[in-house]
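Enquirer: got a structure for you, letters missing:
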């Protein structure tokens, strides 16, 4: 369905120095700065797959999506979506895809929502019968009819995003690209969005690529994730695999009565090194992360409780969020 | 014609958007009429203080009629893609257009046509026709042929207006000085399209500049055809020049757009 081979995208920016003089200088001789937004990435996605595409801000997610939709032309490499090169056949490709950019809307701001939908019906040349069926389906999942007569600018963010996802699916696209579709939404709106995505994937075998910072989205929707960092894909595989590997980590946070004495060498007390256990002390707070297959909570807390007076302690299991944070900070995935 | 369907939808959208802001447009049109009225008064003053009854072959009545026709023609051919493109450019909203199965320039053209219909045809047309009918007073003979040629010439004027402004709008974004450049564009169009003064009134050197700009082909030529001031083979020649402008500008607009697009897409996350 989607084939991406050795794709790189570089942007040229012109740097200006500060002040009037800098502007003048830049006018005649601007400094060229070349940034690699995406650096030699390759992957393929099968029809009906739901892939979570995650990475920090500026990692290259949006640029990838823009290349897949045909908006941006890669500097080098090849992309095929449903047999078409998107940036060469943008218009043809656009018929097969649905796109939601969470920070923007494709609806007409000053028109009632229903009017926006009927304009999209014309643009995508959707037969009336199919169109009515779709609207009924979306209403049942996303509860759209309650605000279909309101101008788009008066909708709440949650309503607008529900409307936007419906708009992107009206023409039954084969591929759906979602760029941060749940950004800023409350819990119930998020739930509805996820339901709609799931339903479309199950019923119409729609291929979905989803970028998000909300890892609940990923856990609910995706079996496969790709992690991009500084333009490179550093992980592409099953979500469960990552969870197994990194999920082994567990953390105990102690709140101490007095400041922790940094002279104490916990590594030699437990006879382990930093690959098994990591200690972080900050005044009265002591954090110990460890591999739960090798050490356990009882063993550690017993030792600490004997050493010093503890006011409180909390035990944290690694959720996908802390896993991803760890991966970002390391810049690579160790499997 | 089915390929036109998506574009007609864009036209409908911008037409409806304009309806949502109809009072805004009513006031805007009203200010246009005040300006036209002022121009007419200026012309009356000019002729009253002139020694001869004819200036450059125009009598007072004819110059008043010229002004009404040229302004009516201006409202038919008013195409201003600058704001559409400005919005798309600055916040990267162009992405939302590019994910649709339609060509961007064509989309913008129909969007402009949609706002044109409301702002200029629904309001200006009846008023302009009324003004023209009242003003004619048998001063000029409008034949069926000159009317047909006028419509054809005005149609080409519409395309010239769109493409010339489209090109200018794109140039604006290379300078990042949108508002100032926009005002400059308005001033240039106003002078060289003949909507203030007939181009024959220009001194030789200014006339020469005007001849090398496309703006005269937008409303001035159609107006002169309708008034019977251009006749015979000159009509053919002028319309061929119009056609050349349409083709040349369209080609340049497409080429420039492909270049601008690469710049625009960088903006926004």
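Expert: Cool, the structure landed. Note that the structure is a prediction, hence the values are computed from the model and not measured.
Enquirer: interface residues of chain B facing chain A?
Expert: When proximity is defined as CB under 8 Å from any CB of the partner chain, chain B approaches chain A at B:2, B:5-6, B:8-10, B:12-13, B:16-17, B:20-21, B:91-93, B:95-96, B:98-103, B:262, B:265-266, B:268-269. Bear in mind the C-beta positions are built from the backbone N, C-alpha and C, glycine included.
Enquirer: Out of these, which end up buried?
Expert: Buried subset of the residues of chain B next to chain A (neighbour count, 16 or more other CB atoms under 10 Å in any protein chain shown): B:6, B:8-10, B:12-13, B:16-17, B:20, B:92-93, B:95-96, B:98-103, B:265, B:268.
Enquirer: These in helices, which ones?
Expert: Within these, residues falling in helices by DSSP state H are B:6, B:8-10, B:12-13, B:16-17, B:20, B:95-96, B:98.
Enquirer: As a markdown table, these with pLDDT would be great.
Expert: Shown next, in a markdown table, are those (pLDDT from 0 to 100):
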| residue | pLDDT |
| --- | --- |
| B:6 | 90 |
| B:8 | 92 |
| B:9 | 93 |
| B:10 | 92 |
| B:12 | 92 |
| B:13 | 91 |
| B:16 | 88 |
| B:17 | 86 |
| B:20 | 81 |
| B:95 | 86 |
| B:96 | 88 |
| B:98 | 89 |
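Enquirer: which one of the residues you listed is nearest chain A?
Expert: Nearest to chain A out of these is residue B:9 (CB to the nearest CB; 3.4 Å).
Enquirer: Do I have it right that the closest one meets residue A:126?
Expert: No - between residue B:9 and residue A:126 there is no contact under CB atoms under 8 Å: 11.1 Å.
Enquirer: what do these two both touch?
Expert: residue A:120 (CB atoms under 8 Å, 6 or more residues apart in numbering or on different chains).
Enquirer: Pick out the least confidently modelled helix or strand of chain B, by mean pLDDT.
Expert: One helix or strand of chain B scores below all others by mean pLDDT, DSSP states H and E: helix B:124-136, with a mean of 68.
Enquirer: In the helix or strand immediately after it in the chain, which residues are buried?
Expert: Going down the chain from helix B:124-136, the next helix or strand is helix B:144-175, by DSSP states H and E. Across helix B:144-175, burial judged by 16+ other CB under 10 Å covers B:146, B:149-150, B:153-154, B:156-170, B:172-173.
Enquirer: Report pLDDT for residue 29.
Expert: No chain specified, so I'll use chain A. Residue A:29 carries a pLDDT value of 68.
Enquirer: um, chain B though
Expert: Looking at residue B:29, its pLDDT reads 79.
Enquirer: List, one by one, the residues from the stretch 1-150 of chain A near chain B.
Expert: Within the stretch 1-150 of chain A, the positions lying close to chain B (CB under 8 Å from any CB) are A:11, A:13, A:57, A:62, A:66, A:69-73, A:90-92, A:94-95, A:97, A:99, A:101, A:103-106, A:108-111, A:115-116, A:119-125.
Enquirer: out of these, which are inside helices?
Expert: Those of those lying in helices (DSSP H): A:62, A:66, A:69, A:90-92, A:94-95, A:115-116, A:119-123.
Enquirer: Just the buried ones from those residues?
Expert: Applying 16+ other CB under 10 Å to these flags A:62, A:66, A:69, A:90, A:94-95, A:115-116, A:119-123 as buried.
Enquirer: Please report phi then psi for residue 232.
Expert: Going with chain A. Per-residue torsions, residue A:232: phi -110, psi 140 (degrees, to the nearest 10).
Enquirer: other chain: chain B
Expert: phi 60, psi -130.
Enquirer: What's the separation between the closest residue to residue A:135 other than its chain neighbours and chain B?
Expert: Nearest residue to residue A:135, sequence neighbours excluded (CB to CB, 6 or more residues apart in numbering or on different chains): residue A:117, at 6.9 Å. The spacing between residue A:117 and chain B, counted by CB to the nearest CB, to the nearest Å, is 11 Å.
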